[in-house]
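>>> need a 3D model of the following:
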Amino acid sequence: MKLRYLGTVVALVTLGMTAPASAEQSEAEIARIKTTNECFQGFQDKNYEVALTACQKAADNGKLEAVNLLGAMYENGWGTQKDPVKAADYYKSAANAGLPDAMVNLGTMYENGIGVEADLIEAQFYYGKAARAGNEQAATNIANLYLRGKTTDLPESEVMGYLQKASDAGNGDAASRLATLLIKNGDYEAAAVQLEKASDKADPKATYDLANLYREGKIKSTDPGIAERLLKTAADRKYVPAMADYGIMLALNKPVEAIPYLEEAAQKGRPECVEELAFIYLEGRGVQQQTEKGLQLLKASAEKKDANATRLLGNIYYDGEYVEKDLKKAFNMYKTAAELADASAQNSYAEMLLKGEGIDSPDVGYAIKWFEAAAEKGNIDALKNLGEVYYTDDYGRKDRDKSMAYFMKARDLGDTDAGIIVMQRDFRNDSK
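Below is the predicted model:
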């Protein structure tokens, strides 16, 4: 869990330790100041057993910040046995007495159901109170609830107002969240301003998002290399989507530079990077050709039920590229990828069924089933294949009305060839 206590502690310790004792101060007041300092200093130094005793005394003296720190110690089991229920009680006491930091902590407990029953309405209530009091973390938290669709009756303009204040105060996380809302609303220039703020705070996601605004042409620059530099910066900050995109960008023309980015992103769960690496080795792009290494990378992904890698292996075995042509292996790879809902593999599997490739004899009915599955996903090749199956008597399924409907769907999805077929062919059922 992200710690939400330390910033306030440092400031209070400094104030407490440097405040001079005036002649008018009673011994009791001096003792209270000393106890408060011991509480804050012990917490800051992670000397929690000392802090626990001192904070309890300071809390008894009405120091709300000490009550909040007691909540933190019981929440995390620092200097005492972990007790989330007791932690929530301390947070609630300090929050209801007006301490914004405690409001944030209590809101987090309600959001996550720690020490209290999960209640997003209560979480929003306490985040909102803290945000209105100027707490930057609260503004960010309430925005996160909003972005995840977990707020109730909260105007977006109010969320953006909280985030703007926090961003103006230098909170990079708030700037990044505000940018997300601005992008959603199509205000790309304003979003770029916020992303630049967050990027300056070394937020790699913000840097990546800013790079994408330039890459997608949503904002303009006279510097043609700015998008690539930003993407590299985010990748070098170990942001996985940026490592993946940057590695793939480099893979064609700078494959050797691409390899470390692709390898790290692949290790962190990006299968498209495994596939890009595989073809670098299969094709010998910038490195010595290593066919077996490339195949093993694809096979490892296929074993993890990655449909794309499985389909690519099917292509390799079908075309006989890098390996000896093997239609049975191709058939099995396409079948597996088709069952994993890969539309392109469904079409290729259906084509082999229709032609009887890799099997003993054609299976038209089963082929149509898989063409239809791919067509439902908008696969243009499958739509055109269905158009051909229903156009002729070759497969015993002649139905020119269906044929034209499938070609028209492919045309409407932007396929020029399908459009020409619709214009030039005779789709009357009684014609040859």
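>>> for residue 164, see how far away the residue nearest to residue 166 when sequence neighbours are not counted is.
Residue nearest to residue 166 in three dimensions, not counting chain neighbours: residue 174, with 3.4 Å by C-beta to C-beta, 6 or more residues apart in numbering. For the C-beta atoms, the positions are set from N, CA and C on the backbone; glycine is no exception. Computed as C-beta to C-beta, to the nearest Å, the residue 174 to residue 164 distance reads 8 Å.
>>> among those two, which residue is more densely surrounded?
residue 174 (26 against 15; other C-beta atoms under 10 Å).
>>> the residue nearest to residue 166: what's it in contact with?
Contacts for residue 174 (C-beta atoms under 8 Å, 6 or more residues apart in numbering) come out as 136, 139, 140, 143, 162, 163, 166, 167.
>>> restricted to buried residues, select those in ChimeraX.
Remark: buried members of these, expressed as a ChimeraX selection using 16 or more other C-beta atoms under 10 Å:
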select :136,139,140,143,162,163,166,167
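>>> same list (the contacts of residue 174) but as CSV, adding pLDDT.
Output for the contacts of residue 174, formatted as CSV (pLDDT from 0 to 100):
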residue, pLDDT
136, 87
139, 87
140, 86
143, 84
162, 84
163, 87
166, 84
167, 89
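>>> now stretch 175-193: buried residues?
Applying 16+ other C-beta under 10 Å to stretch 175-193 flags 175, 176, 177, 178, 179, 180, 181, 182, 183, 188, 191, 192 as buried.
>>> what's the answer for stretch 274-283, then?
274, 275, 276, 277, 278, 279, 280, 281, 282.
>>> same deal with stretch 330-343?
330-340, 342-343.
>>> and for stretch 84-95?
By neighbour count on 16+ other C-beta under 10 Å, the buried set for stretch 84-95 is 84, 86, 87, 88, 89, 90, 91, 92, 93, 94, 95.
>>> so for it, mean pLDDT?
Stretch 84-95 shows a mean pLDDT of 97.
>>> who touches that stretch?
The contact list for stretch 84-95, computed with C-beta under 8 Å, 6+ apart, reads 59, 64-65, 67-68, 70-75, 101-103, 105-106, 109, 114-116, 126, 129.
>>> keep only those of those that are in strands.
If you go by DSSP state E, the contacts of stretch 84-95 have nothing in strands.
>>> picking that back up, filter the buried residues of stretch 175-193 down to just the ones in helices.
Among these, DSSP state H puts 175, 176, 177, 178, 179, 180, 181, 182, 183, 188, 191, 192 in helices.
>>> with adjacent residues omitted, what lies nearest to residue 105?
That would be residue 91: by C-beta to C-beta, 6+ apart, it lies 4.6 Å from residue 105.
>>> where's that neighbour, which helix or strand?
helix 84-96 (DSSP states H and E).
>>> can you give me how far that helix is from the chain middle?
Put simply, helix 84-96 sits 32 Å off its chain's centre (C-alpha atoms, centre = their mean, to the nearest Å).
>>> using CSV, write out the CA atom coordinates for it.
The C-alpha coordinates for helix 84-96 follow below in CSV (Å, rounded to 0.1, in the frame of the first residue of the first chain):
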residue,chain,number,x,y,z
PRO,A,84,-6.8,-2.7,10.6
VAL,A,85,-10.1,-2.2,12.6
LYS,A,86,-8.3,-0.2,15.2
ALA,A,87,-6.4,1.7,12.5
ALA,A,88,-9.7,2.7,10.8
ASP,A,89,-11.0,3.9,14.2
TYR,A,90,-8.0,6.1,14.7
TYR,A,91,-8.3,7.5,11.1
LYS,A,92,-12.0,8.1,11.6
SER,A,93,-11.4,10.0,14.9
ALA,A,94,-8.8,12.3,13.3
ALA,A,95,-10.8,12.6,10.0
ASN,A,96,-14.0,13.6,11.7
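>>> how does this structure divide up, domain by domain?
The chain breaks down by automatic domain parsing into domains covering 1-154, 159-237, 378-432.
>>> contact partners for residue 264?
238, 243.
>>> kindly recompute the last result at 6 Å.
The contact partners of residue 264, by C-beta atoms under 6 Å, 6 or more residues apart in numbering, come to residue 243.
>>> could you report the pLDDT at it?
The model's pLDDT for residue 264 equals 97.
>>> how far away is it from residue 270?
9 Å.
>>> could I get the domains of the chain as TSV with distance to residue 306?
Listed next are the domains of the chain as TSV, based on distance: least, C-beta to C-beta, whole Å:
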stretch	distance to residue 306
domain 1-154	28
domain 159-237	22
domain 378-432	19
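>>> show the average pLDDT along stretch 202-222.
The model assigns stretch 202-222 a mean pLDDT of 96.
>>> pull out the buried positions in it.
203, 204, 205, 206, 207, 208, 209, 210, 211, 212, 213, 214.
>>> next one: stretch 413-430
In stretch 413-430, counting by 16+ other C-beta under 10 Å, buried: 415, 418, 421, 422, 427.
>>> ok, back up a step: reformat the contacts of residue 174 as a markdown table; add secondary structure.
As requested, these are exported to a markdown table (DSSP: H, G, I helix; E, B strand; the rest coil):
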| residue | secondary structure |
| --- | --- |
| 136 | helix |
| 139 | helix |
| 140 | helix |
| 143 | helix |
| 162 | helix |
| 163 | helix |
| 166 | helix |
| 167 | helix |
